[in-house]
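> Pasting the sequence and the predicted coordinates here, then a few questions.
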Amino acid sequence: MPGTVNAALVSYYQSSAFTKGLGESTQQNRRAILERFREEHGDKRVAYMHTVALQKIIDKKTPAAARNFKKAMRGFIKHCISLRLIKVDPLAGIELVKMKTKGHHPWESNECAQYEEHYPFGTRARLAYELLLQASQSRCDVVRMGRQHIRQGMMSMRRQKTDVPFNVTVMPRLQEAIDAMPVCDHLTFLVTAQGKPFTAAGFGNWFRDMCRAAKLPERCTSHGLRKAAATYLAEQGATDHQLMAWFGWSSISQAQVYTKAANGKRMGRSAGKLISGTGIGSPIDPVSQNEVQAIENTGAGK
């Protein structure tokens with residue numbers, strides 16, 4: 001019926017904002033969220049959708065699910081506002097619970113060494129690892145990578161989720177991993193045991209199995225290698241805009257997560273060099289231990 005959530009969602013799915021503005025995998029993820037919302041509220045009037053009702057829905061979800069729900073609803077509500085189905089954005093006053101987790105674990109050097117020792121060059125598992133670490137992209141982009149994307153030592157593609165371009169230099173170790181594999185006519189570097197391209201979800205499950213076989217902890221995931229690469233480049237002095245170009249980020253805030261952390265480490269090291277040899281914690285002009293000194297009560301036995 002016109003004016004219902006059902007009708008508004010059908011209209012949104014057909015809009016250019018949904019079909020052209022979102023990547024294929026993002027469309028699938030957000031549609032799954034919106035369809036669950038439609039199952040419960042599809043017959044209700046969009047005009048009656050208000051902040052309190054959405055807040056109650058969000059409060060029943062985990063922090064991560066709540067954020068995904070809000071992202072999915074944001075595009076839908078913008079569409080409804082553009083069609084004058086609602087006048088006020090009901091998401092404007094929504095409060096989200098702060099997430100306790102910091103997200104995927106960035107691999108540590110010993111974890112990388114353990115994986116590399118288990119899977120030598122010439123194995124599919126090693127090529128997958130080098131693509132994830134050296135090209136530093138999400139699994140949905142890694143499974144699409146092929147020789148046709150490399151020109152003059154540079155791999156150039158567009159991210160599937162956001163359509164933002166990224167450009168990465170093919171470093172010698174990645175080239176070695178590519179050259180170590182048998183020559184084939186596949187359009188993607190990585191294929192399944194049946195010789196077909198991976199889906200993003202299928203690749204994620206397969207790579208998790210490879211990590212388990214290498215006896216790595218469960219925290220080691222494919223996305224953790226992308227975070228490890230971003231951390232390393234930031235600590236090597238990469239700027240915000242350099243990280244944006246390499247990782248295909250459209251927002252500078254995404255890059256600043258890593259550059260701020262790296263700058264904090266550098267500042268700490270610099271402070272350590274300044275402090276070194278100064279006897280920090282001792283007075284600049286030590287007093288004679290033979291003279292009677294006034295005792296200051298600092299508490300706690302100090």
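Cool, got the structure. Numbers count the residues shown, from 1 in each chain.

> who's in contact with residue 7?
Residue 7 makes contact with residue 1 under the criterion Cβ atoms under 8 Å, 6 or more residues apart in numbering. (C-beta placed from N, C-alpha, C; glycine too.)

> actually residue 197, sorry about that
By Cβ under 8 Å, 6+ apart, the residues touching residue 197 are 143-144, 186-188, 190-191.

> Also residue 9?
When contacts are counted by Cβ under 8 Å, 6+ apart, residue 9 touches 34-35, 38, 42, 76.

> returning to what we had before: just the buried residues from the contacts of residue 197, in ChimeraX please.
Here is the ChimeraX command that picks out the buried ones among the contacts of residue 197, judged by 16 or more other Cβ atoms under 10 Å:
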select :143,144,188,190
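
> With secondary structure added, can I get the contacts of residue 197 in JSON lines?
As requested, these are exported to JSON lines (DSSP: H, G, I helix; E, B strand; the rest coil):
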{"residue": "143", "secondary structure": "coil"}
{"residue": "144", "secondary structure": "coil"}
{"residue": "186", "secondary structure": "coil"}
{"residue": "187", "secondary structure": "coil"}
{"residue": "188", "secondary structure": "coil"}
{"residue": "190", "secondary structure": "coil"}
{"residue": "191", "secondary structure": "strand"}
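
> Residue 203: how many residues sit nearby?
Residue 203: 20 surrounding residues under other Cβ atoms under 10 Å.

> Mind checking which of the contacts of residue 9 are buried?
34, 38, 76.

> What is the subsequent helix or strand relative to the strand or helix carrying residue 175?
Using DSSP states H and E, residue 175 falls within helix 172-179. Once the chain leaves helix 172-179, the next helix or strand it forms, by DSSP H and E, is helix 200-213.

> what sits up against that following helix?
Taking Cβ under 8 Å, 6+ apart as the rule, helix 200-213 contacts 25, 115, 118-119, 125, 128-129, 132, 138-140, 142-143, 190, 192, 198, 218, 220-222.

> Now, those residues that are in helices?
In this view, those that belong to helices under DSSP state H are 25, 115, 118, 125, 128-129, 139-140, 142, 222.

> among those residues, who's most crowded?
Top of these by neighbour count (other Cβ under 10 Å): residue 139, with 27 neighbours.

> And the buried ones among the contacts of residue 9, which is closest to residue 15?
residue 76 (9.7 Å; Cβ to Cβ).

> Return the set of buried residues in the helix or strand containing that closest one.
Using DSSP H and E, residue 76 sits in helix 63-82. Neighbour counts over helix 63-82 (16+ other Cβ under 10 Å) mark 66, 68-70, 72-73, 75-77, 79-80 as buried.

> what's the answer for stretch 17-35, then?
Those would be 18, 22-23, 25-26, 29-31, 33-34, for stretch 17-35 by 16+ other Cβ under 10 Å.

> How about residues contacting it?
Stretch 17-35 has contacts (Cβ under 8 Å, 6+ apart) with 9, 12-13, 68-69, 71-73, 75-76, 78-79, 140, 159-163, 200.

> now stretch 46-54
Here stretch 46-54 makes contact (Cβ under 8 Å, 6+ apart) with 3-5, 8, 73, 77, 80, 85-86, 90-94.

> Who are the packing partners of the lengthiest helix in the chain?
Using DSSP H, we find that the single longest helix of the chain is helix 252-275. Packed against helix 252-275 by the contact rule (3 or more Cβ pairs under 8 Å, 6 or more residues apart in numbering; DSSP states H and E) you find helix 222-235, helix 240-247.

> nearest to residue 108, of these?
Residue 108 lies closest to helix 222-235 among those, at 7.8 Å (Cβ to Cβ).

> Could you list every helix and strand in contact with that closest one?
helix 139-142, helix 200-213, helix 240-247, helix 252-275.

> Restricting to C-alpha, output it in CSV.
C-alpha atoms of helix 222-235 as CSV (Å, rounded to 0.1, in the frame of the first residue of the first chain):
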residue,chain,number,x,y,z
SER,A,222,42.0,-11.7,6.7
HIS,A,223,41.0,-8.2,7.6
GLY,A,224,43.6,-8.2,10.4
LEU,A,225,46.3,-8.2,7.7
ARG,A,226,44.9,-5.1,6.1
LYS,A,227,45.0,-3.4,9.5
ALA,A,228,48.5,-4.6,10.1
ALA,A,229,49.6,-3.0,6.7
ALA,A,230,47.9,0.3,7.6
THR,A,231,49.6,0.3,11.0
TYR,A,232,53.0,-0.4,9.5
LEU,A,233,52.8,2.2,6.7
ALA,A,234,51.6,4.8,9.2
GLU,A,235,54.5,4.0,11.5
